[in-house]
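*Asks:* Here is my input; please provide its structure:
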Amino acid sequence: MDAIEELAKLSQLLLLERDEEESRLQAIIEQKSIKERRDEGLCWAPVSVEKTDFAFGGTPRLLLERNAGEHPVHELQKGSPVFLINIDDASQRYKGNITKLDELTAEVLLHEEDIPEGIREPNWILELRYDDRSFFEMERALNVAINMEAGEQRDLRDRLLGYKDLLPLEENSFPVSDQLNPSQQEAVLRALNAQDLAIVHGPPGTGKTTTLSEVIKHLAKQEKSILITAPSNTAVDNLMLKVAKAGLNPVRIGNSSRMTDEAVPFSLEHRLIEDKEYKLVKDLRKRAADLLDKAGKFKRNFGKEEREARRSARKEARDLEKEARNLERALEQKIIDQSDLVACTLIGAADVRIRSRIYDAIIIDEAGQSLEPASWVPILKGNKVVLAGYPHQLPPTVKSHDAAKQGLEVSLLEKAVERTSASVLLEEQYRMNEKIMGFSNQWFYEGRLQAHESVSHRALTNELAIEFIDTAGCGYEEKAANAGVSKSNPEEISIIQKHLDELINTHGDQIEAIGVISPYRAQVEEMKTRLPQDERLIIQTVDGFQGQERDVIYISLVRSNENGELGFLTDYRRMNVAMTRAKRKLIVIGDSATIGQDEFYAAFLEYCEGVEGYRSAWEYV
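*Replies:* Now for the predicted structure:
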């Protein structure tokens, strides 16, 4: 197989994934009732429009509210593409995106020029919408990569895929920060001296983002053009904010509704509004709006002179809007040119405002979670690539079983680590107590991971760093939720409540942040309603917690059944992510009779017993 054959196969697998996602949503919409779609988490119904106004650029904005009461687990989230559909008249259907979301309300920006008439009157459905933009950009990138003509870009493609040898490292010296450990310093020097590919990989807490930040600072000092990317908005924002704190001037490309609050001031949209010259854009658009308003006041039965005046006003308004748009685009390019680097998601690298630009260095963080086709979107824009991540973390999300089985869930990082010698493994972690680290270190990292002395014994006063609370024999059986799609275990939540109250009462002054995690969304949603409201507490799925850390982490395993069925728990990489989020204390709640039949969990139970971290749930009954 050569590079072209490999990428062609990847393109076929991507089509399988796109068809799976499209057909899944389409079948549900066509075949199931509103209640069934709601129960499967694909819509809110009914919702009412409580408020209407306009967002940046005159985009219609709606505040929607759903009825209080029982709410099934749902897939809607900030940034989701949605339809707003009239329950009584399905022909009234408007596209939009969610910009804010909480338990009962959602803010939606509509893809309309104006607020639709009658929007405040009937009940509506807020439904998840299939959005193929990402697939389109990935397919386009693969096609470009497959059909490259001979030259440097095609050579880079072949070297990244292992079909040609990497270029030798240069031998430049750089004043790398002495705050970095030896493996981090080696990774920085390799990334700076690499001519084509460098890989920075390491387990959680080993300082991948810190290492990348040092690389980016040196590249900026050399006046290199830099594009930093990641598969998720959160990961992009985390890296961008780190380099911003180091004194660099980044600009963030993308939909600001999907960015973290801290990242919004760096967005191109915000920078544009703050630019002194943007006042002229606003003035031009105000004049255009006034002319359109004037034109709209002419009656149809006016004479030829009035009709000509209306036509003239509309033409002048269009000319003013064109002038405003051209000036806006010029200002955007000026802001990008004056920035030290550009930050965006992998798919965001296809943004028309940077599409024609080529960068000296492409940085891809969380590359182990990136679909390979998505990684090619930014790679096509670069002369050198730095991949950062870890293969034992969460793999890319693939919904097509066939596509996953044939290799779509294997990231470019995973391929590159196996095929090249361009990587540096970071082996010293700065996050967690050594006992929290211990099991993952044995199972995943062959004992190579070391805890830095600053964290190795960090714990809450007189508290074990790791506990397993065993519910075996308590009758805490799992329950099917959300039409059987997800699982919950209410009794495990009761255990967490009691343990959490005790922990906060005893050690509240030592705890800044607490995370409560479960592989099951139904359990997460129930925990959000039952656990205390505390600003230090965040409750999330395992996937949603990727890249985060907390002083204390609770993991609710949920599964408790006679057949030893584990479902999501058999994805050991996801459990590795969950178990390595805690800094001072990790508490896992589960049924040893169910999970102990599995080799991974049997080893975990044995580890907990070995560090005297085993407890029985009977203590809390």
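*Asks:* Which SSE is immediately downstream of the one helix or strand Asp158 maps to?
*Replies:* Asp158 belongs to helix 152-160 when assigned by DSSP states H and E. Next in sequence after helix 152-160, counting helices and strands by DSSP H and E, comes helix 182-193.
*Asks:* need the helix or strand of this protein with the lowest average pLDDT.
*Replies:* helix 278-296 (a mean of 79; mean pLDDT, DSSP states H and E).
*Asks:* Hmm, Asn238 and Gly547 touching each other?
*Replies:* Yes: assessed by Cβ atoms under 8 Å, Gly547 is found in contact with Asn238 at 6.5 Å. Glycine gets a C-beta too; all of them are placed from N, C-alpha and C.
*Asks:* Now do the same contact list for Thr461.
*Replies:* Thr461 sits next to 507, 510 when contact means Cβ atoms under 8 Å, 6 or more residues apart in numbering.
*Asks:* and if you look at the one 4 residues further on?
*Replies:* With contacts defined as Cβ under 8 Å, 6+ apart, the neighbours of Ala465 are 433-436, 459, 584-586, 611, 613.
*Asks:* Same check on Gln179?
*Replies:* No contacts exist for Gln179 under Cβ under 8 Å, 6+ apart.
*Asks:* Run through the strands of the stretch 451-600 of the chain in chain order.
*Replies:* 466-470, 479-481, 486-488, 514-518, 537-541, 550-556, 582-590 (DSSP state E, counting those that start in this stretch).
*Asks:* between the ones you listed, which gets nearest to Asp275?
*Replies:* Asp275 sits nearest to strand 537-541 of all these, at 35.7 Å, using Cβ to Cβ.
*Asks:* got the CA positions of that closest one in CSV?
*Replies:* The C-alpha atoms that make up strand 537-541 are tabulated as CSV, following Å, rounded to 0.1, in the frame of the first residue of the first chain:
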residue,chain,number,x,y,z
LEU,A,537,-18.4,20.8,41.8
ILE,A,538,-18.5,19.8,38.1
ILE,A,539,-20.4,16.8,36.9
GLN,A,540,-19.6,15.4,33.5
THR,A,541,-19.3,12.3,31.3
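*Asks:* helix, strand or coil for Ile363?
*Replies:* strand (DSSP: H, G, I helix; E, B strand; the rest coil).
*Asks:* Okay, it and Gln153: tell me how far apart.
*Replies:* According to Cβ to Cβ, to the nearest Å, Ile363 stands 18 Å off from Gln153.
*Asks:* if we can go back for a sec, of the contacts of Ala465, which is the nearest to Glu453?
*Replies:* Glu434 (9.9 Å).
*Asks:* and the gap between the closest one and Ala582?
*Replies:* 12 Å.
*Asks:* of the two, who's got more company?
*Replies:* Ala582 (27 against 20; other Cβ atoms under 10 Å).
*Asks:* ok, for the more buried one, nearest residue in space, not its chain neighbours?
*Replies:* In space, and not counting its chain neighbours, Ala582 is closest to Ile553: 3.7 Å by Cβ to Cβ, 6 or more residues apart in numbering.
*Asks:* how close does that neighbour get to Leu7?
*Replies:* Applying Cβ to Cβ to Ile553 and Leu7 gives a distance of 40 Å.
*Asks:* low pLDDT regions in this structure?
*Replies:* For the chain, the stretches flagged by pLDDT under 70 are 56-58, 69-72, 292, 295-303, 482-484.
*Asks:* List of residues touching the host helix or strand of Thr234?
*Replies:* Following DSSP H and E, one finds Thr234 within helix 233-245. Residues outside helix 233-245 that contact it (Cβ under 8 Å, 6+ apart): 79, 209-210, 212-213, 216-217, 228-230, 250, 252, 254, 258-260, 262-263, 266, 340-341, 343-345, 348, 363, 365-366, 369, 547.
*Asks:* What residues sit buried inside stretch 132-144?
*Replies:* 134-135, 137-139, 141-142 (16 or more other Cβ atoms under 10 Å).
*Asks:* cool, stretch 516-535 as well?
*Replies:* In stretch 516-535, counting by 16+ other Cβ under 10 Å, buried: 516-527, 531.
*Asks:* gap between the one helix or strand Glu36 maps to and the chain center?
*Replies:* Glu36 belongs to helix 34-39 when elements are defined using DSSP H and E. Average the C-alpha atoms of helix 34-39, do the same for its chain, and the two points are 26 Å apart (Cα atoms, centre = their mean, to the nearest Å).
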